[in-house]
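Participant: Model the structure of this input:
(chains A and B)
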Amino acid sequence: SQQGEEDPQALSIQEGENATMNCSYKTSINNLQWYRQNSGRGLVHLILIRSNEREKHSGRLRVTLDTSKKSSSLLITASRAADTASYFCATADRGSTLGRLYFGRGTQLTVWP
Amino acid sequence: DAGVIQSPRHEVTEMGQEVTLRCKPISGHNSLFWYRQTMMRGLELLIYFNNNVPIDDSGMPEDRFSAKMPNASFSTLKIQPSEPRDSAVYFCASSLLSGLADITDTQYFGPGTRLTVL
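Facilitator: From the prediction side, this is the model:
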């Protein structure tokens, strides 16, 4: 399967702590994206990192990419109860112009107040 | 601007009935994706269209499933006849592709249709 795999499957932390989620994939990629899904809602794009980038920041989000290990991590700093959601990584194959993304199974993050 | 619009939001039907799910992509987007999400199987890509043309329908589980995109602003996913194992949340997503390989291809998801087949 070309799907990414997130690790851990579930993560439970207290408000104010940092949350780190990891994603591994199998193919050569054009970019890797992280999405968030609140309960009962559709997925929402959070951040994209290209294959030639190693780190990217957006607010409290920090994404790293190691193409040699085919892995990425998403760090949420100073977490809040509102960050409780499922987080998915998605990859776009290198050279593809068709727009297909391969999604992982997601990490369920619970942040306790 | 309105995001991706899906209807209905909830559908409860009996086994054997026909179900039609509808999607209106974001105006100007040229790619549309249908996904199914269940606890057991996660998020599965069923079919996707580029410029209204189906590109890959290998994810469609059976011949009972069909999808159309008659124009750039409307798509349907039909299940006929429906079965209890089709119960899931069905998402439609759209994106804008430039046709270049090294380009962002962020997908914008609708709110989903929760289908329950009794």
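
Participant: Please, where are all the strands along chain B?
Facilitator: Using DSSP state E, the strands of chain B run over B:5-7, B:10-13, B:19-24, B:31-38, B:42-50, B:53-56, B:65-71, B:74-79, B:88-95, B:108-109, B:113-117.

Participant: Kindly report the same for chain A.
Facilitator: If DSSP E is used as the criterion, the strands of chain A fall at A:5-7, A:10-14, A:19-24, A:29-37, A:43-50, A:55-58, A:61-66, A:71-76, A:85-93, A:102-103, A:107-112.

Participant: near chain B, anything from the first one?
Facilitator: So that's strand A:5-7. No. Using CB under 8 Å from any CB of the partner chain, strand A:5-7 stays clear of chain B, coming no nearer than 10.2 Å. C-beta coordinates here come from the backbone N, C-alpha and C atoms, glycine included.

Participant: Okay, buried residues for that strand please.
Facilitator: A:5, A:6 (16 or more other CB atoms under 10 Å in any protein chain shown).

Participant: Which residues does it contact?
Facilitator: A:21, A:22, A:23, A:24, A:25, A:87, A:88, A:89, A:104, A:105, A:106, A:107 (CB atoms under 8 Å, 6 or more residues apart in numbering or on different chains).

Participant: Just give me how far that strand sits from the chain centre.
Facilitator: 9 Å (CA atoms, centre = their mean, to the nearest Å).

Participant: Quick one: mean pLDDT for stretch A:106-113?
Facilitator: Mean pLDDT, stretch A:106-113: 95.

Participant: Could you list the buried residues of it?
Facilitator: Neighbour-count burial for stretch A:106-113, counted by 16+ other CB under 10 Å, picks out A:106, A:107, A:108, A:109, A:111.

Participant: And the residues you listed, which is closest to residue B:59?
Facilitator: Distance to residue B:59 across those (CB to CB) is lowest for residue A:106, with 17.9 Å.

Participant: what residue ranges in chain A are flagged as low confidence?
Facilitator: Scanning chain A for pLDDT under 70 picks out the ranges A:1-3, A:97.

Participant: From the contacts of strand A:5-7, pick the one nearest residue B:51.
Facilitator: When the contacts of strand A:5-7 are ranked by distance to residue B:51 (CB to CB), residue A:88 comes first, at 26.4 Å.
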